[in-house]
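J.: Structure for this input, please:
(3 chains)
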Amino acid sequence: MTSVTPPLLEIRSISKRFGATQALSDVSLTLYPGEVHTLLGENGAGKSTLIKIMTGIYQADTGEILLDGHPIHLRSSADAQAHGIAAIYQEPLVFPDLNIAENIFISHRKRGRIVNWGKLYRDAEAVLAKLDVSLDVRAQARGLPLAAQQTVEIAKAISMNVRVLIMDEPTASLSAHEVEQLFKLVGSLRKSGVAILFISHRMDEVFRISDRITVFRDGQLISTAPASEVTPESAIRDMVGREMGQLFTKTPSKKGQPVISVRDLGREGVYSGITFDLHAGEVLGFAGLVGSGRTDVALSLFGIVPADQGQIEYEGQAVRIHAPRQAIKMGIAYVPEDRRQHGLILPMTIAANISLPMLKGYVNRIGIIQGRGEAKTAESYRQQFSIRTPSVQHVAGKLSGGNQQKVVLSKWLNTKPRLLILDEPTRGIDVGAKEEVHRLINDLAQQGIAILMISSDLPEVLAMSDRILVMREGRQMGIFPREAATQEVIMTAAMGQAANAERIGS
Amino acid sequence: MKSLRGLLHLQQVRELSLFVILILVLLLFGSQIDGYFSPRTFSRIATTVSIIMIVAVGQTIVVLTRNIDLSVGSIVGFTAFFIGQQFGFNRDLHPAAAVALAMGVGALAGMLNGFLVAYGRVPAVVVTLGTLAIYRGALVEYSGSQSIATRMLPDWIKELPQQTVFTIGEVEFGALPVIALVAVILFQMILMYTSFGRRLYAVGSSTEAAEVAGIPARRLVFTAFMISGALAGLGGFVYLARIGTITAVAATGLELQVVAAVVVGGVNTNGGSGTVFGTLLGAVLVGTIEQSLIRMRINEFWKDALLGVFILIAVTTDSVMMSRLRTWWAARAQKAHKREALSAPTAGQVEA
Amino acid sequence: MMQLLSRWTWLRRWETLLLIVLIIVLVINTQLSPFFFDANNISNIFRLSIEKAMVVLLMTFVIINGEIDLSVASLMGLSASVLAVTFEAGWSLPAGFALALLIGAICGALNGFFITYLNMPSIVVTLAGLITYRGVARILLEDRSVGGYPEWFTGLAQNEWIGTFPFTVILFAVLFVVCYIILSRTSFGRYVYVIGNNRPGAEYAGISVRRVKMLIFVFTGLMAAFAGLWYAARLGNIRANAAEGFELDIITIVLLGGVSIFGGKGTMLGVGLSLLVVLNIRNGMSLANVSSNVQTSIVGALLILSVLIPNWAQSLQGSKFWRSFVDRNRITKGEAV
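T.: Alright, predicted model coming up:
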């Protein structure tokens, strides 16, 4: 079908670089009218960068974009909209206080100064009818289910005569029924000649809906092929085929007493049925896609958002963890995923950041903070982890990502934890610092600390974990011993190829 | 989807309950005060409330954009004095010119507020707390500790409060309440039926989404303050007509009653929701209680404390009850779909 | 804290700037009046504003913590009125003090409760507080003026005790040092900054944000009540409108002292300097016979400038580091503090 019509949108040799990271290198892609073209790839493979370039949020370093064979320049999202390129995201951006009809037409410049509500509602209903959905156009957007909000966004795009629609994980938080509705929509869009760039991690959906599938890995386009020529196995192979070569590998450590035993842990509507034991000196990897609920489990174990189902036994005692303060006292530490927001107080000094959770330990009898004690602690961590800074009295915000992460690690190790939860410990840090962090994790395990490591970096999980727990959409898909785990096995489980997971895992 | 219709009318529910409270309050006072239900009572309440109401319309627009204007009391005082003085210079000043002048002076003051908030990036509470003092000080300096006396004013303005524009039954509607009602209706229309009005809601509702949709947030915030200033200027004119004697402390503290009317009227202090009609109800409620307390001769000193408690109750209801209600709806919808998701077949647990 | 924020050199520059402004103001004042450096005048500068200065100390905590309290002046009036009413009713003064301070703490706790537990914006809550607390003072005193307190009470605030400095100034110096130490040297002070800077970060570090905020509001209420009593002692008679409008000077002094209205930044030293600047400007204007309302206008202008100038300086500097701290939403959602 694609050979006769000329491509609607053509992306030619696009590259984009952020500092040291090559986010996209020499990517070329075509979109034909009426096709659904799916992008597959791990988190960080370059899909989001490509979307942002296509919607004018980022500008490519090199390469060009052609629409109907003519090169176009996208300097802003308004430019992209003017060319008929629109995107909808997992979390729609609607105006909660306005009704659905207004949300659809708010960006329209040509509707005049006076609002004709009757016409507005009729037009909105007409757009929705075109999509074959029934929504009350007079209803406020606040409180609408996500699926309905997405529909509003799609309707908005349609009303602006969209030609290229980018759908970034639109199904991630939808129920099965809602996904069906969405696919019907996609079907009718396709019929009307819209080119759809679809992103999803759900393999079954991808194979149901796609005309062509493109796999990304580490900023490069690995393969593009008609869906009929791709199998889930071959796609996963393309996605994960990363070099493991230089990664530091965890050395065996002595497995001690169980530190934490979790049974059927769950939080209403977020995750459920999490069951594992973690022993002293052991590293338990948490693998899964972003949004699979791994961080939510960690937040419950650290008491930030307590769990409401299941039991936790910590060092032999049944406990309920309801506040971070309590978790810290129990010997649990959590190195959060978002370093800048949750991990550090950026304008404060390194020393003040490190001492923060244990600040009460640095005050004298009348409550004055002993700056010298803080500095001494910080200095010892600076040397131990070679944090590259002229002084521990420098502000944390000015350090590089890797050094910031070392400060966060110092801060939490200073609480003398017996259970250390690491959430994406090496995200956004350079290769050298990454290896240092890996060696550190290894050392800590050797010292008998129980470590729970959440990571989306598969080779890292495989190299550093003794066992790997895989989550998908809030559920535990299985725990794989290191020997049985390969990138394919983990990715297959994480993407819901259940049958395979069972076969390889047992 | 049916259950979601309830949400649709959340604002109406809010206003309806306010209306019910108003009636209850009236009944309460009616049972305590002899001859309360007379046309005179209503005319008096309407006349007193008209100043608050006019200024509160502007405040509504500012609060919709998630800001606040504390300087309106000073603007009312300043314009009342300024216009009074113009009449001192020129007794034959045309009424339309006087009104235009009042609104113009007010708009200028509002533009300074708006400029500092929208383009100077100074929080509205800081700006208007500052201009509250500045405009008042300007008035004191400008007046040179003189005051406007009723005799300096032309007859038409002195008689304005007594003018009856129309009567329904025995209830007479004076010129001042009618001016206020016109302002209410006009701005209710603007908010409902113009794209400018809808964009004000949009900006207050979600700044993020407004940015993506290409809505000029700064210009809208600026304009909102300008309108608030202009209406405070109009309020100053009405104040002059009603009170006649204007000193340098005229309308001090009026901003508190105005904010009370807006908040009690159900305009969300987080922006994005509320109506001018709600504000009207809020102003009438505040004014009714104030006037009735005076007539009951209990103790007029109670009115301020009651005003404060009213604000607290209104805001707490909005922020706690309404948000509970909203999250409850949302949670129900969410739960329903998660249950669906979780009941999908799960993979076997593979424990090594 | 200076050490903690050592790389924020502009902060230090802000304090230098204040020092320079202070010197200029002092020079102008000596030109305005030969009596400026008269011991009497100097002690007056402090004595006549000591109540505002006391509340300024606590307001610094409130604003660094990312909130605001508009109700302090009304609380001062309420506490003075409570004392007056109990005195009229024949209570002993200490009993009146105790009740006034208790009510101050309760009102502060009410502010804190609505703000921290019901998550309501502090502007709205404390604006309602401003109206309500003043309203209660009106209920208590109506339009009476209550005086005739024992001399030992009025003497506390009026008599000169140590050298040329009245007892009040010594008291303030002690309070200043205590607050300075709490803010810059104790774990509580550190938490105040951390929460103002990055509330989720504070929660992730195990700090009980609500407790810190509650404590700040309760102590602000307590201090406002205390300042109200002091005001009563100094004036010798009390009306319901006592201390009306004081919140303007108080907030101006704090913001002019380099405390960010967005929270997380500022030092007690800067606030101390700004206190001297504002008091001396007011004194100078009085010496020059500028009316008190015009003085208030000028304070109002100072309030706006103290936020506007750093904003413009920063946007000129345009450093990325800074921009990451200024939430762009706040530009239009100016109300968010």
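
J.: From here on, just use CA atoms for contacts and neighbour counts.
T.: Noted.

J.: what residues does the stretch 101-250 of chain A put near chain B?
T.: A:106-107, A:112-117, A:135, A:138-140, A:142-145, A:174-176 (CA under 8 Å from any CA of the partner chain).

J.: do you know how far the residue nearest to residue C:256 when sequence neighbours are not counted is from residue B:120?
T.: In space, and not counting its chain neighbours, residue C:256 is closest to residue C:306: 4.8 Å by CA to CA, 6 or more residues apart in numbering or on different chains. The spacing between residue C:306 and residue B:120, counted by CA to CA, to the nearest Å, is 12 Å.

J.: what do you get for residue A:330?
T.: On the measure of CA to CA, residue A:330 and residue B:120 end up 48 Å apart.

J.: Give me the neighbour count for the residue nearest to residue C:256.
T.: As a burial measure, residue C:306 scores 23 neighbours (other CA atoms under 10 Å in any protein chain shown).

J.: which residues of chain C fall in strands?
T.: C:160-162, C:165-166 (DSSP state E).

J.: State the mean pLDDT of the last one.
T.: Meaning strand C:165-166. Across strand C:165-166, the average pLDDT comes to 72.

J.: what does the stretch 101-250 of chain C have sitting close to chain A?
T.: C:181-182, C:185-187, C:194, C:197-198, C:200-208.

J.: Swap in 6 Å and give it another go.
T.: C:185, C:186, C:200, C:201, C:205, C:206 (CA under 6 Å from any CA of the partner chain).

J.: Point to the residue nearest the middle of chain A.
T.: residue A:290 (3.5 Å; CA atoms, centre = their mean).

J.: Which of the three states applies to it?
T.: coil (DSSP: H, G, I helix; E, B strand; the rest coil).

J.: so how far is residue A:200 from it?
T.: Distance from residue A:290 to residue A:200, by CA to CA: 12 Å.

J.: what does residue C:212 give?
T.: 44 Å.

J.: ok, which residues in the stretch 51-200 of chain C are in contact with chain B?
T.: Close to chain B, as judged by CA under 6 Å from any CA, the stretch 51-200 of chain C has residues C:128, C:131, C:132, C:135, C:136, C:138, C:139.

J.: which ones are touching the fourth one?
T.: Under the criterion of CA atoms under 6 Å, 6 or more residues apart in numbering or on different chains, the contact partners of residue C:135 comprise B:304, B:305.

J.: residues touching the closest residue to chain C within the stretch 251-352 of chain B, list them.
T.: In the stretch 251-352 of chain B, the residue that lies nearest chain C is residue B:305 (3.8 Å; CA to the nearest CA). With contact taken as CA under 6 Å, 6+ apart, residue B:305 is in contact with C:132, C:135, C:136.

J.: Sticking with it, tell me its helix or strand.
T.: helix B:302-316 (DSSP states H and E).

J.: which of the residues in that helix are buried?
T.: B:302-312, B:314-316 (16 or more other CA atoms under 10 Å in any protein chain shown).

J.: mind listing the strands in the stretch 401-506 of chain A by residue range?
T.: Secondary structure of the stretch 401-506 of chain A by DSSP state E, counting those that start in this stretch: the strands cover A:419-423, A:450-454, A:467-472, A:475-481.

J.: Mind listing residues that contact stretch A:342-357?
T.: A:336, A:374-375, A:378, A:392-397, A:411, C:4-5, C:200-201, C:205.

J.: Counting neighbours, what do you get for residue 144?
T.: All of this refers to chain A. For residue A:144, the neighbour count with other CA under 10 Å is 20.

J.: not quite, I wanted chain B
T.: By other CA under 10 Å, neighbour count at residue B:144 equals 10.

J.: Can I get stretch A:165-182 as CSV, trimmed to CA atoms?
T.: C-alpha atoms of stretch A:165-182 as CSV (Å, rounded to 0.1, in the frame of the first residue of the first chain):
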residue,chain,number,x,y,z
LEU,A,165,-0.7,12.5,14.8
ILE,A,166,2.0,11.4,17.3
MET,A,167,0.6,9.2,20.1
ASP,A,168,3.1,8.8,22.9
GLU,A,169,2.2,5.8,25.0
PRO,A,170,-1.5,6.7,24.9
THR,A,171,-2.6,3.3,26.2
ALA,A,172,-0.2,3.2,29.2
SER,A,173,-2.9,4.1,31.7
LEU,A,174,-6.0,2.9,29.9
SER,A,175,-8.2,-0.1,30.7
ALA,A,176,-8.7,-2.8,28.1
HIS,A,177,-12.1,-1.4,27.2
GLU,A,178,-10.7,2.1,26.8
VAL,A,179,-7.9,0.8,24.6
GLU,A,180,-10.5,-0.8,22.3
GLN,A,181,-12.2,2.6,22.1
LEU,A,182,-8.9,4.3,21.3
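
J.: For that stretch, buried residues please.
T.: Buried residues in stretch A:165-182 (16+ other CA under 10 Å): A:165-176, A:178-179, A:181-182.

J.: just checking, which of those residues belong to strands?
T.: A:165, A:166, A:167, A:168.

J.: Most widely separated two among the residues you listed?
T.: Between any two of those, the greatest separation by CA to CA is 9.7 Å, found for A:165 and A:168.

J.: quick one, what contacts residue A:276?
T.: Residue A:276 touches A:261, A:262, counting by CA under 6 Å, 6+ apart.

J.: If I take whatever helix or strand it lives in and strand A:475-481, what angle do their directions form?
T.: Assessed by DSSP H and E, residue A:276 sits inside strand A:271-279. Interaxial angle, strand A:271-279 versus strand A:475-481 (axes from the mean of the first three to the mean of the last three CA atoms, to 10 degrees): 20 degrees.

J.: re the thing from before, pLDDT for the residues of the stretch 51-200 of chain C next to chain B - can I get that in JSON lines?
T.: What follows is these, written out as JSON lines (pLDDT from 0 to 100):
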{"residue": "C:128", "pLDDT": "93"}
{"residue": "C:131", "pLDDT": "93"}
{"residue": "C:132", "pLDDT": "94"}
{"residue": "C:135", "pLDDT": "93"}
{"residue": "C:136", "pLDDT": "95"}
{"residue": "C:138", "pLDDT": "92"}
{"residue": "C:139", "pLDDT": "92"}
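
J.: Enumerate the residues of the stretch 1-150 of chain B near chain C.
T.: Counting by CA under 6 Å from any CA, the stretch 1-150 of chain B sits next to chain C at B:66, B:67, B:118, B:121, B:123, B:124, B:127, B:130, B:133, B:134, B:137.

J.: of those residues, closest to chain A?
T.: Among these, and counting by CA to the nearest CA, the member closest to chain A is residue B:66, at 12.8 Å.

J.: Compute the number of surrounding residues for residue C:171.
T.: With other CA under 10 Å as criterion, residue C:171 counts 12.

J.: Please work out how many residues are found near residue B:276.
T.: So residue B:276, with other CA under 10 Å, has 28 neighbours.

J.: Now it. Nearest residue, chain neighbours left out?
T.: residue B:188 (5.4 Å).

J.: now do residue A:216
T.: Closest to residue A:216 by CA to CA, 6+ apart is residue A:41, at 4.9 Å.

J.: Could I get the phi/psi values of that neighbour?
T.: phi 170, psi 160 (degrees, to the nearest 10).

J.: That one contacts residue A:218, correct?
T.: No. Between residue A:41 and residue A:218 there is no contact under CA atoms under 6 Å: 8.6 Å.

J.: These two: who's more crowded?
T.: Remark: of residue A:41 and residue A:218, residue A:41 carries more neighbours, 25 against 21, as counted by other CA under 10 Å.

J.: Backbone dihedrals for residue C:266, please?
T.: Torsion angles, degrees, to the nearest 10, at residue C:266: phi 130, psi 160.

J.: For it, list the residues it contacts.
T.: Contacts of residue C:266 by CA under 6 Å, 6+ apart are C:258, C:259.

J.: Can you give me the separation between it and residue C:62?
T.: For residue C:266, the distance to residue C:62 - CA to CA - is 11 Å.

J.: Overlap in contacts, these two.
T.: By CA under 6 Å, 6+ apart, no residue touches both residue C:266 and residue C:62.
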